[in-house]
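sequence and predicted structure, then a few things I'm wondering about:
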Amino acid sequence: MATLVQLGGGKKDAALAALRATLRRLEGPGRAAAGVTPTGFGAIDRALPDGGLARGALHEIVSESADRSAASGFAIRLLVGLAVEGPVLWCLADPELYGPGLQRLGLAPDRLILARTRKDADLLWAMEEGLKTPGLAAVLGEPHKLDLTASRRLQLAAERVGGLGLVLRPADGNKATAAVTRWRVASAPSVAPVPGVETPRDFGLMRGRWRVGLERCRGTAPSDEQGYGAWLVEENDAARAVAVATELGDRSGASTPAVRQAG
């Protein structure tokens with residue numbers, strides 16, 4: 001079962017104390033202040049400096065409102081790999097997360113700490129404290145808005161002990177933040193059935209697909225005028241696996257890559 005701490009309301013001081021106590025229990029000798037964590041997607045890791053998401057850094061995942069589920073799915077897949085290293089803190093306003101669903105995607109609820117907040121200020125505070133806690137593998141937050149000042153505070157907190165921060169937020173143009181990478185995620189059509197060819201299905205449904213684009217990546221140059229890279233990512237809940245299905249620039253047809261096991 002995930003640990004839930006609720007911030008805000010009439011018992012705010014008690015809630016903050018509870019969160020601090022939870023984070024203190026996780027404090028250990030500290031994680032390395034440098035290095036990277038591979039995403040598990042080979043094609044995406046090859047586009048990133050040193051082959052993965054930088055630690056001691058803030059990373060943002062943006063989406064249009066209609067693609068919120070796709071962005072959440074991508075974020076969860078990233079957390080699956082990170083949770084192997086330790087518990088993760090998820091800060092959000094409405095923890096409408098379904099435990100068995102997270103388990104199916106490979107994220108065990110007992111590796112998850114939820115901080116429920118009423119205001120962005122509380123959420124950002126919880127994220128900052130989490131990023132300063134060596135015992136956490138990652139911190140994910142869902143603020144309604146993120147400005148340059150707030151993102152700088154999160155970036156500095158991540159640098160302090162080598163934390164890895166993820167921000168899942170609505171797209172708002174090219175608003176400047178201090179995040180080291182920015183990912184734009186959108187839903188994508190499933191593969192259309194081909195006559196005479198069996199198409200994989202999960203529980204009678206076509207496999208979900210996402211468009212994942214890397215719009216910003218500090219420390220490396222864009223691959224072309226369109227950015228740092230764009231990929232189609234396909235999920236398979238039945239096998240608890242996810243893979244880069246085919247790069248968007250490759251119109252020759254779908255490839256058959258090795259999948260990354262989510263569990």
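Yes, it's here.

how many neighbouring residues does Ile113 have?
22 (other CB atoms under 10 Å). To be clear about C-beta, it is placed using only N, CA and C from the backbone, and glycine gets the same treatment.

next one: Trp210
Taking other CB under 10 Å as the neighbour definition, Trp210 ends up with a count of 23.

could you do Ala70 as well?
Taking other CB under 10 Å as the criterion, the count of residues near Ala70 is 23.

just the buried residues of the helix or strand where it lies, please?
When elements are defined using DSSP states H and E, Ala70 is found to belong to helix 68-82. By neighbour count with 16 or more other CB atoms under 10 Å, helix 68-82 contains the buried residues 70-82.

what lies in contact with it?
The set of residues external to helix 68-82 that reach it, using CB atoms under 8 Å, 6 or more residues apart in numbering, is 37-40, 53, 61-63, 88, 90, 102, 105-107, 137-138, 140, 164, 166, 168, 170, 183, 185-188, 208, 210-212, 233, 235, 242, 260, 262-263.

in strands, which of the residues you listed fall?
For these, membership in strands holds for 37, 53, 61-63, 88, 90, 138, 140, 164, 166, 168, 170, 183, 185-188, 210-212, 233, 235, 242, 260, with DSSP state E as the criterion.

show the buried residues in the contacts of helix 68-82.
In those, burial by neighbour count holds for 37, 39-40, 53, 61-63, 88, 90, 102, 105-107, 137-138, 140, 164, 166, 168, 170, 183, 185-188, 208, 210-212, 233, 235, 242, 260, 262, counting by 16+ other CB under 10 Å.

what stretches of this protein score poorly on pLDDT?
Applying pLDDT under 70 to the chain picks out residues 1-34, 95, 173-174, 191-208, 224-226, 236-263.

let's go with 80 and repeat that
1-34, 94-106, 173-174, 190-208, 219, 221-227, 235-263 (pLDDT under 80).

quick one on the thing from earlier: now the angle between strand 164-170 and the helix holding Ala70, please.
Direction vectors for helix 68-82 and strand 164-170, defined by axes from the mean of the first three to the mean of the last three CA atoms, to 10 degrees, enclose an angle of 170 degrees.

nearest to Pro49, of the buried residues of helix 68-82?
When those are compared for distance to Pro49, the smallest value, 16.8 Å, is given by Leu78; criterion: CB to CB.

quick one: that closest one from Ala121, how far?
Look at Leu78 and Ala121: by CB to CB, to the nearest Å, they are 25 Å apart.

please apply the same query to Ala57.
Distance check for Ala57 against Ala121: by CB to CB, it reads 23 Å.

who has more neighbours, the two?
Set side by side, Ala57 and Ala121 show unequal neighbour counts under other CB under 10 Å, the larger going to Ala57 at 23 against 13.

OK, contacts around that one?
If you count contacts by CB under 8 Å, 6+ apart, then Ala57 has 155, 158-159, 164-165, 179-181 around it.

out of the residues you listed, what pair is the most spread apart?
The two members of the contacts of Ala57 with the most space between them (CB to CB) are Glu159 and Thr181, at 14.9 Å.

so what's the nearest residue to Asp67 once chain neighbours are set aside bridging to?
Counting by CB to CB, 6 or more residues apart in numbering, Asp67 lies nearest to Ala186, which is 4.4 Å off, once chain neighbours are set aside. When bridges are assigned using DSSP bridges, the partners listed for Ala186 are Arg211.

and Ala186, how close does it get to Leu156?
Ala186 sits 31 Å away from Leu156 when distances are taken as CB to CB.

what of Ala230?
Applying CB to CB, one obtains 30 Å for the distance of Ala230 from Leu156.

same question for Gly86.
21 Å.

okay, now the closest residue in space to Ala150 that isn't next to it in sequence: neighbour count?
With CB to CB, 6+ apart as the measure, Leu124 is the residue that lies nearest to Ala150, at 5.3 Å, once sequence neighbours are left out. Leu124 is surrounded by 23 other residues when neighbours are defined as other CB under 10 Å.

again with Glu215
Counted by other CB under 10 Å, the residues lying close to Glu215 total 17.

quick one, what contacts it?
For Glu215, the contacting residues are 182-184, 227-228, taking CB under 8 Å, 6+ apart as the criterion.
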